[in-house]
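**Q** Sequence unavailable; structure follows:
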Ligand SMILES: Cc1ccc([C@@H]2N[C@@H](C)[C@@H](O)[C@H]2O)cc1
């Protein structure tokens, strides 16, 4: 391997209790809320066809006009408890919330810049309201923080001159101060979700990113930080020059889901996903297709079946209310999770050959495999092929506990027979009680007679 000072400091998964809890979340919520929510993805009647939270970068929007939106931000009816209760009903176990997006506006009263919630008519500490409300509902809170800060005069995309480096050194100190402030003001925070770390200025700051991560973890032992913070000393991000993941989990799955288990390279990971095709902040018009509840449930099953978590993004309006589609998704996902969450929480990759009807998950540490069924075959027979080290003892519908008959096939496969005459109109779960079997001893050399 290439000798690295600032590459990964750990190979393989992080195995402490905090990370074990993270690994078992299954389903999470992302919330993007900020000044961009005021513009709603449109400006002077024209719609921005990019991501609405990036509208400041749109050529038709003068930065100076965007940057004074803080004077308008006043979600007087914002109710963090209502948000947290909606999330609780949905069945999410963790929240990632935007404290500062790329526009540099801070939803907490940071003392390191004037560009904060205190400069708005609302004034109150939104980050505190959200952290307290979600923590009270038993949902762990992770704070999203954009390193790239379009508003700060010392931000640099690249370090080309001495002046750039002097300014960026000030910026790195500003960043460290803001992160210290967030962890000290909101001690319930379980982790930090970094974004805006793709530019050369950051890629050239590998040593700093390494010391920053170690410093933050010294402030909050057990703090969880994904692979987006670090760069190694050669400018590699996510994985270092030796291909080893930097950070506690793979944070590259944004709006995309791994196809196979091989794609996750034995790392912990989660997928963060928009309900529309793109766009995280509120947009009046959702462009293109937006995901139905069944699609979101299937993506959740797909992620958990490959050992990850699935995080659904919500983009509240400037007044803090959610659009009706998001409210419906949250409610319907919650109704499904109420019945089926056994197959999602604390589950892992089962390692069985995937079948057309859907996804397997396995309960961590238990001899239980779940079949999450999305495609019922006309035959009514669901084929399973357990891995060689297990046999299936029993198959039961999770909802209603009806036992299902099974028919052994050859090659270690079986059919699970769905009850005749029953029609399934929603994704459903079959619980397989399994038993480990000793591997057949390899036929050794004949014992001497
Ligand atoms: C190219 C690109 C840059 C940043 C993003 C940000 N990451 C997501 C989590 C959102 O915050 C989006 O603005 C998305 C795409």
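**A** Sure thing, it's come through. These figures come from a predicted structure and were not determined experimentally.
**Q** Point me to the residue of this structure nearest the ligand.
**A** The minimum distance from the chain to the ligand, using Cβ to the nearest ligand atom, falls at residue 280 (4.2 Å). In short, each C-beta sits where N, CA and C put it, glycine included.
**Q** burial count for the closest residue to that residue other than its chain neighbours?
**A** Residue nearest to residue 280 in three dimensions, not counting chain neighbours: residue 32, with 4.0 Å by Cβ to Cβ, 6 or more residues apart in numbering. Residues lying near residue 32 (other Cβ atoms under 10 Å) number 23.
**Q** so who does residue 32 touch?
**A** 53, 98, 101, 144, 280-282, 313-315 (Cβ atoms under 8 Å, 6 or more residues apart in numbering).
**Q** can you confirm residue 143 is in a strand?
**A** Yes. Looking at residue 143 with DSSP: H, G, I helix; E, B strand; the rest coil, it is inside a strand.
**Q** Spell out which parts of this protein neighbour the ligand.
**A** 32, 51, 53-54, 195, 254, 272, 280 (Cβ under 6 Å from any ligand atom).
**Q** right, and the pair among these with maximum separation?
**A** Using Cβ to Cβ, these reach their maximum pairwise distance at 54 and 272, which is 15.8 Å.
**Q** the more surrounded of these two?
**A** A direct count of neighbours by other Cβ under 10 Å for residue 54 and residue 272 places residue 272 higher, at 22 against 19.
**Q** So the more buried one, which state does it fall into?
**A** Using three-state DSSP, the structure places residue 272 in strand.
**Q** And it, what's its pLDDT?
**A** With respect to pLDDT, residue 272 scores 99.
**Q** Please report the distance of it from residue 105.
**A** In this view, residue 272 and residue 105 are 21 Å apart by Cβ to Cβ, to the nearest Å.
**Q** Who are the packing partners of the helix or strand containing residue 183?
**A** Residue 183 belongs to helix 162-185 when assigned by DSSP states H and E. Counting contacts by 3 or more Cβ pairs under 8 Å, 6 or more residues apart in numbering; DSSP states H and E, helix 162-185 packs against helix 126-136, strand 140-146, strand 191-195, helix 206-219.
**Q** Please dump the ones you listed into CSV; it should also carry mean pLDDT, mean neighbour count and distance to residue 409 for every row.
**A** As requested, the helices and strands packed on helix 162-185 are arranged in CSV below (pLDDT from 0 to 100; neighbours: other Cβ atoms under 10 Å; distance: least, Cβ to Cβ, whole Å):
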stretch, mean pLDDT, mean neighbour count, distance to residue 409
helix 126-136, 99, 21, 48
strand 140-146, 99, 21, 43
strand 191-195, 99, 23, 45
helix 206-219, 98, 17, 51
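**Q** Ok, which of the ones you listed comes nearest residue 386?
**A** Nearest to residue 386, of all the helices and strands packed on helix 162-185, is strand 140-146, at 33.6 Å by Cβ to Cβ.
**Q** and the angle for the closest one with helix 162-185?
**A** For strand 140-146 against helix 162-185, the angle by axes from the mean of the first three to the mean of the last three Cα atoms, to 10 degrees is 160 degrees.
**Q** Now do the contacts for the nearest residue to residue 7 once chain neighbours are set aside.
**A** Nearest non-adjacent residue to residue 7, counting by Cβ to Cβ, 6+ apart: residue 240, 3.3 Å away. Residues in contact with residue 240 (Cβ under 8 Å, 6+ apart) are 4, 7-8, 232, 234, 246.
**Q** on that earlier part again, look up how far residue 198 lies from the residue of the chain closest to the ligand.
**A** Separation of residue 280 from residue 198 (Cβ to Cβ) stands at 16 Å.
**Q** higher neighbour count, those two?
**A** Neighbour tally, residue 280 and residue 198, criterion other Cβ under 10 Å: the higher count belongs to residue 280, 28 against 13.
**Q** Check whether that one really touches residue 315, as I assumed.
**A** Yes. When contacts are counted by Cβ atoms under 8 Å, residue 280 is listed as touching residue 315 (5.9 Å).
**Q** So for the two, which residues contact both of them?
**A** Counting by Cβ under 8 Å, 6+ apart, the shared contacts of residue 280 and residue 315 are 32, 52-53.
**Q** all helices of the stretch 251-400 of the chain, in order?
**A** Ranges of helices in the stretch 251-400 of the chain, per DSSP state H, counting those that start in this stretch, are 293-305, 324-340.
**Q** Would you mind finding the most buried of the ones you listed?
**A** Most buried of the helices of the stretch 251-400 of the chain, by mean neighbour count (mean count of other Cβ atoms under 10 Å): helix 293-305, with a mean of 22.
**Q** hang on, the earlier thing: how about the contacts of residue 32, which pair is most distant?
**A** Checked with Cβ to Cβ, the contacts of residue 32 reach their widest spread between 144 and 282, with 15.7 Å between them.
**Q** Residues in contact with stretch 77-86: which ones?
**A** 31, 122, 126, 129-130, 132-134, 136-137, 139, 316, 319-322, 327, 330.
**Q** before we move on, back to that, distance-wise, check the residue nearest to residue 280 relative to residue 337.
**A** Taking Cβ to Cβ, one finds residue 32 at 22 Å from residue 337.
**Q** Could you find the closest non-adjacent residue to residue 28?
**A** Residue 28's closest residue in space is residue 311 (Cβ to Cβ, 6+ apart), at 3.8 Å.
**Q** before we move on, what about residue 174?
**A** Using Cβ to Cβ, 6+ apart, the closest residue to residue 174 is residue 112 (5.7 Å).
**Q** Residue 176 is in contact with the one you found, correct?
**A** No. Between residue 112 and residue 176 there is no contact under Cβ under 8 Å: 9.8 Å.
**Q** Including mean pLDDT, could the helices of the stretch 251-400 of the chain go into JSON lines?
**A** Shown next, in JSON lines, are the helices of the stretch 251-400 of the chain (pLDDT from 0 to 100):
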{"stretch": "helix 293-305", "mean pLDDT": "99"}
{"stretch": "helix 324-340", "mean pLDDT": "98"}
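**Q** Tell me which of those sits nearest to residue 366.
**A** Residue 366 sits nearest to helix 293-305 of all these, at 14.9 Å, using Cβ to Cβ.
**Q** Show residues contacting the closest one.
**A** Contacts to helix 293-305, defined as Cβ under 8 Å, 6+ apart, come from residues 26-27, 257, 270-271, 273, 275, 291, 309-310, 312, 328-329, 332-333, 336, 343-344, 347-350, 354, 358-361, 372, 374, 426-427.
**Q** Secondary structure element for residue 67, which one?
**A** Remark: residue 67 resides in helix 63-67, with elements defined by DSSP H and E.
**Q** Buried residues, that helix. List them.
**A** Of the residues in helix 63-67, 66-67 count as buried by neighbour count, 16 or more other Cβ atoms under 10 Å.
**Q** Now do the same contact list for residue 203.
**A** By Cβ under 8 Å, 6+ apart, the contact list for residue 203 reads 231, 235, 237.
**Q** For residue 180, state which of these is nearest.
**A** Set against residue 180, the nearest of the contacts of residue 203 by Cβ to Cβ is residue 231 (20.5 Å).
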